[in-house]
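Student: just the structure for this:
(one chain, ligands or ions: 1)
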Amino acid sequence: MNRNEKTKQWVLALLFIFFIVGIVSAQNAMTNIQSRRLTSLNGEWRVLIDPVGSGQWQQVWLEKQPQKKTDFYEYSFQGAPVLKVPGDFNSQLCELTYYEGIVWYKKEFNYTVQMGRRLFLHFGAINYWADVYLNGEKIGSHEGGFTPFQLEITGKVKAGPNAIIVKVNNMRHKTGLPGLGYDWLNYGGITREVDLIETGSTYIEDYSIQLKKGSLNTVLGWVQLNGNQPVQNINIRIPELNICYKAGADKDGLANVEFSSTFKLWSPDTPKRYEVIIESETDTVVDHIGFRCIEVKGSKIVLNGKQVFLKAVNIHEENPFKGARAYSGNDAKLLLNAAKELGCNLVRLAHYPHNERMVKEAETMGLMVWSEIPVYQHIEFADTSVARKMEIMLKGMVRRDRNRCAIVIWSLSNETYPGTPGRDKALVELTKKCKAIDSARLITHVINTQRYEHNTFHVWDTLHRHADIISINEYIGWYIPWQGLPSATKWELVCPEKPVFIAEFGGEALSGNQQKPTDEAAFWTEAYQAKIYTSQIEMFHTVPNLCGVCPWLLFDYRSPGRMHPVYQKGYNRKGLLSDKGEKKKAWYIMKAYYKGDAQK
Ligand code: GCB
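Tutor: Have a look, this model is predicted:
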């Protein structure tokens with residue numbers, strides 16, 4: 001290798017390191033922030049809309065002010081429009097409806113940190129890239145639209161007003177997660193809460209308190225401290241059960257936890273949670289934790305020792321009535337109440353980790369949760385940065401919700417293609433990593449590449465071998481016509497011993513549309529959609545080891561690629577409910593199936 005080539009390699013290596021550092025420069029967020037000392041920075045933030053990226057060279061984070069009479073700057077937050085945080089920007093200003101680009105956000109705050117205390121700036125989620133500045137200095141960046149991150153700002157806050165400026169960019173990218181193409185509105189902005197969190201010099205960063213895999217009475221977990229006093233006594237108290245478990249954190253701040261008790265187990269019928277108090281010598285965190293055991297035994301899914309059939313529904317993180325990204329407790333109740341009314345016991349939160357309230361509310365209401373990372377369709381698996389991003393997003397998702405017993409399934413990919421270079425290697429590695437950080441939940445990959453010929457499904461993708469459940473998306477009756485009697489469908493499975501979950505099926509209908517003819521797809525009638533559902537239900541009886549089904553989806557939702565001017569108007573109309581909450585015929589069919597016909 002000549003000198004020039006060597007130099008080139010070094011430059012490339014350095015660029016790669018800078019890139020990776022760019023992705024991870026924000027810190028892992030502490031778990032359970034609701035139990036911390038919080039100061040909310042939600043509310044109105046000033047914004048500059050920057051479609052051509054000129055804020056970067058103008059260095060808007062410096063907020064330069066004219067000094068001389070001849071000075072001027074072509075930006076200013078003074079007099080700038082305001083947007084609500086949390087909230088996507090697309091639904092707040094008409095001119096941003098389909099915007100994908102840069103918006104600069106600014107918020108001022110006053111805060112006094114006592115000596116010896118620490119201060120963190122915590123973002124619930126920003127879609128998609130974020131560069132964060134405090135008082136003119138860049139303090140970190142983050143990539144990924146659906147997981148929380150924090151930045152430590154101890155020692156950086158001054159007396160009087162402090163200014164946070166965030167460059168938010170929701171532009172799609174080939175090596176992003178998701179990548180370039182996806183079937184939902186790319187809501188950008190500071191979409192979840194922003195908080196200042198004050199802690200002592202050593203705080204409880206994270207903990208895992210869940211039943212050991214396969215056990216109904218033994219908790220196996222750990223507590224992780226962060227700070228200059230790692231060696232501490234730890235107590236885990238569950239007052240209702242008279243439990244006071246004592247452990248010791250080691251020089252790395254890690255304490256192992258193992259204790260047994262007789263728990264009233266969490267399930268959809270009895271969503272019991274206990275107050276759990278995690279105490280170190282310098283910090284206390286309170287959580288409400290449920291205990292349950294989820295397993296695959298043979299070809300069955302077993303919850304707390306009993307077989308369970310997953311009566312599920314797909315949900316996007318959108319408030320249908322507002323046409324906006326969902327984030328609040330009320331948004332969560334609206335979506336989850338509808339799932340309950342349908343008769344569900346599980347919600348598939350597609351296609352990215354939804355906000356924390358959604359998961360907590362589901363847990364309170366007695367809904368199992370399927371949580372997933374945005375590894376969706378066309379992903380550049382061969383790009384080394386992508387594997388790293390998948391891992392970061394997986395860890396972010398698990399870290400935030402590992403104590404949420406409602407979550408029974410981690411889904412690591414949706415509709416990826418076996419021919420894509422690097423796919424198998426990347427996803428098999430990811431599966432191993434997921435098992436290593438959480439062995440007590442089920443893992444799946446959703447696949448739609450099965451062949452459907454001569455009324456037979458050939459489910460052949462070998463990625464299924466790495467999953468606990470075979471999850472299949474199929475749109476027979478909509479994208480692909482039936483090839484015979486649904487009740488005579490045949491199956492050939494790559495792993496015939498595993499449970500099979502139909503993770504998506506359905507078709508579109510415009511609510512209220514009773515137009516004729518009702519037997520042609522191109523008229524978007526409720527009758528046509530209803531027929532798909534009755535046929536699918538007939539077909540379900542033919543699926544070997546069927547462990548559950550999950551219609552696509554609960555409500556019609558915004559998807560700019562759906563541009564039929566009469567029937568779609570920018571909406572994916574596969575909802576059982578319209579975006580106004582009207583029940584389509586298919587809703588009643590699915591509800592009746594869940595009430596009676598579905599396996600118990
Ligand atoms: C799928 C995708 C889902 C789409 C749906 C559809 O297979 O997983 O995100 O929106 O099909 O409506 O076509």
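Student: let me see the contact set for Ile204.
Tutor: Residues near Ile204 by C-beta atoms under 8 Å, 6 or more residues apart in numbering: 30, 223-226, 278, 280, 283-285. Yep, even glycine has a C-beta here, placed from its N, CA and C like the rest.
Student: could you do Arg46 as well?
Tutor: 77-78, 80-82, 105-107.
Student: same thing with Gln229?
Tutor: Taking C-beta under 8 Å, 6+ apart, one finds 201-202, 281-282 in contact with Gln229.
Student: could you check how many residues crowd around the closest residue in space to Glu240 that isn't next to it in sequence?
Tutor: Spatial nearest neighbour of Glu240, chain neighbours left out: Tyr274 (5.5 Å); criterion: C-beta to C-beta, 6 or more residues apart in numbering. Neighbours of Tyr274 under the rule other C-beta atoms under 10 Å: 19.
Student: how about the contacts made by Tyr274?
Tutor: Residues in contact with Tyr274 (C-beta under 8 Å, 6+ apart) are 238, 240-241, 263, 288-291.
Student: ok, and the closest non-adjacent residue to Glu44?
Tutor: Val82 (4.2 Å).
Student: I'd like the distance between that neighbour and Ala488.
Tutor: 60 Å (C-beta to C-beta, to the nearest Å).
Student: who touches the helix or strand containing Asp131?
Tutor: Using DSSP states H and E, Asp131 sits in strand 129-134. For strand 129-134, the surrounding residues in contact (C-beta under 8 Å, 6+ apart) are 26, 61, 121, 123, 138-143, 149, 151, 153, 156-157, 162-171.
Student: was I right to think Gly53 contacts Val103?
Tutor: No - in this structure, Gly53 is not within contact of Val103 by C-beta atoms under 8 Å, at 11.4 Å.
Student: all helices of this structure, in order?
Tutor: Ranges of helices in the chain, per DSSP state H, are 3-24, 54-58, 329-342, 356-365, 384-401, 423-437, 526-540, 585-592.
Student: tell me the pLDDT of the residue nearest to Asn513 when sequence neighbours are not counted.
Tutor: Spatially, and ignoring its direct neighbours in sequence, Asn513 is nearest to Thr525 (5.2 Å; C-beta to C-beta, 6+ apart). With respect to pLDDT, Thr525 has a value of 98.
Student: need the nearest residue in space to the residue of the chain at minimum distance from the ligand, chain neighbours excluded.
Tutor: Nearest residue of the chain to the ligand, counting by C-beta to the nearest ligand atom: Asp183, 3.5 Å away. In space, and not counting its chain neighbours, Asp183 is closest to Ser559: 5.1 Å by C-beta to C-beta, 6+ apart.
Student: how close does the one you found sit to Arg573?
Tutor: Applying C-beta to C-beta, the value for Ser559 to Arg573 is 9 Å.
Student: name the residue in these two with the higher neighbour count.
Tutor: Arg573 (24 against 20).
Student: where along the stretch 201-350 of the chain do the strands fall?
Tutor: 202-211, 218-227, 233-238, 243-248, 254-260, 274-279, 284-289, 294-297, 300-303, 306-307, 310-315, 318-319, 324-325, 346-349 (DSSP state E, counting those that start in this stretch).
Student: reformat the ones you listed as JSON lines; add distance to the ligand and mean pLDDT.
Tutor: Below are the strands of the stretch 201-350 of the chain laid out as JSON lines (distance: least, C-beta to the nearest ligand atom, whole Å; pLDDT from 0 to 100):
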{"stretch": "strand 202-211", "distance to the ligand": "29", "mean pLDDT": "98"}
{"stretch": "strand 218-227", "distance to the ligand": "34", "mean pLDDT": "98"}
{"stretch": "strand 233-238", "distance to the ligand": "40", "mean pLDDT": "98"}
{"stretch": "strand 243-248", "distance to the ligand": "43", "mean pLDDT": "98"}
{"stretch": "strand 254-260", "distance to the ligand": "38", "mean pLDDT": "98"}
{"stretch": "strand 274-279", "distance to the ligand": "36", "mean pLDDT": "98"}
{"stretch": "strand 284-289", "distance to the ligand": "32", "mean pLDDT": "98"}
{"stretch": "strand 294-297", "distance to the ligand": "23", "mean pLDDT": "98"}
{"stretch": "strand 300-303", "distance to the ligand": "21", "mean pLDDT": "98"}
{"stretch": "strand 306-307", "distance to the ligand": "27", "mean pLDDT": "98"}
{"stretch": "strand 310-315", "distance to the ligand": "8", "mean pLDDT": "98"}
{"stretch": "strand 318-319", "distance to the ligand": "12", "mean pLDDT": "98"}
{"stretch": "strand 324-325", "distance to the ligand": "16", "mean pLDDT": "98"}
{"stretch": "strand 346-349", "distance to the ligand": "10", "mean pLDDT": "99"}
